[in-house]
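Visitor: got a sequence here, can you model it:
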Amino acid sequence: MTTISPPLADLRKDYKLASLGKRDLAADPFTQFGKWMDDAIKAELPEPTAMNLATVGANARPSARIVLLKSFDENGFVFFTNYASRKGHELAEAQWAALTFHWVELERQVRIEGHVVKVDDAVSDEYFKSRPLLSRIGAHASPQSEKIDSREALEARFADAQSRLGDNPQRPANWGGYVIVPEMVEFWQGRRSRLHDRLMFQRQFGGWHIERLAP
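Guide: Below you'll find the model as predicted:
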């Protein structure tokens, strides 16, 4: 067996920055999420919008990757990607997904589970136009999640797209946004002795019901 120094089992931290009770929560998960996101941005955390996106395909095998949150409101949480990627295929097969935000410096996590729908084309068009030019060209050049021969082949595809598309590439039809409409949102605050605070919003009868979960 490979040995690691120090042993991974000995790496631990006791969380002590804050606590979270029902009286601390906003009335809905979107307002509460906004408060925590503001805290993460004000703390100048690296990539505060980074979130783990978990999907599952027809083979019932889960897969996960990091994507970036681009907006949220009372309708849900929005990110953009290639619809023909692995995650795009899996979201077409099973329109459910889970998100996790981990702001380790604040000793906080947010977990979100919900169903997924594509955003309107106009929303995808607007966001695509706001991206840097080279990122827009990259969206055309990269056959996301497909096997490619080499880095050089990818760069050749990019150079070809750049020469063909010029300075105003339009959004490719296989690229756009999804919104995750939550059924559950859990706010996790680290506490001492692993007795973490976990408070869950669950959608019920058009509103939100709050429960405390054991750590």
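Visitor: ranges for the strands of this protein?
Guide: 50-56, 62-68, 71-73, 76-82, 96-103, 108-118, 175-189, 197-204, 207-213 (DSSP state E).
Visitor: residue 126: which of those is closest?
Guide: With Cβ to Cβ as the criterion, residue 126 lies closest to strand 175-189 of those, at 9.7 Å. All C-beta atoms are positioned from the backbone trio N, CA, C, and that covers glycine.
Visitor: list the helices and strands the closest one packs on?
Guide: helix 29-42, strand 76-82, strand 108-118, helix 121-130, strand 197-204 (3 or more Cβ pairs under 8 Å, 6 or more residues apart in numbering; DSSP states H and E).
Visitor: tabulate these (TSV), appending distance to residue 5, mean neighbour count and mean pLDDT.
Guide: Listed next are the helices and strands packed on strand 175-189 as TSV, based on distance: least, Cβ to Cβ, whole Å; neighbours: other Cβ atoms under 10 Å; pLDDT from 0 to 100:
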stretch	distance to residue 5	mean neighbour count	mean pLDDT
helix 29-42	33	16	98
strand 76-82	38	21	98
strand 108-118	29	19	98
helix 121-130	46	14	98
strand 197-204	33	17	97
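Visitor: let me have those in a markdown table, extended by distance to residue 136.
Guide: Listed next are these as a markdown table, based on distance: least, Cβ to Cβ, whole Å:
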| stretch | distance to residue 136 |
| --- | --- |
| helix 29-42 | 25 |
| strand 76-82 | 11 |
| strand 108-118 | 19 |
| helix 121-130 | 6 |
| strand 197-204 | 36 |
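Visitor: need the contact list for the closest residue to residue 14 other than its chain neighbours.
Guide: Excluding the flanking residues, the one nearest residue 14 by Cβ to Cβ, 6 or more residues apart in numbering is residue 192, at 5.5 Å. If a contact means Cβ atoms under 8 Å, 6 or more residues apart in numbering, then residue 192 has 14, 15, 16 as its contacts.
Visitor: hang on, the earlier thing: for residue 171, find the nearest of the helices and strands packed on strand 175-189.
Guide: Smallest distance to residue 171 across these (Cβ to Cβ): 3.9 Å, for helix 121-130.
Visitor: can you list contacts of that closest one?
Guide: With Cβ under 8 Å, 6+ apart as the test, helix 121-130 has contacts from 70, 78, 80, 118, 136, 139, 170, 171, 175, 176, 177.
Visitor: which non-adjacent residue is nearest residue 178?
Guide: If the residues on either side of it in the chain are set aside, residue 178 comes closest to residue 116, at 5.3 Å by Cβ to Cβ, 6+ apart.
Visitor: which among the contacts of residue 192 end up buried?
Guide: The neighbour-count test (16 or more other Cβ atoms under 10 Å) applied to those identifies residue 15 as buried.
Visitor: for the contacts of residue 192, give me a markdown table that also has pLDDT and distance to residue 37.
Guide: Shown next, in a markdown table, are these (pLDDT from 0 to 100; distance: Cβ to Cβ, whole Å):
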| residue | pLDDT | distance to residue 37 |
| --- | --- | --- |
| 14 | 90 | 25 |
| 15 | 93 | 20 |
| 16 | 93 | 22 |
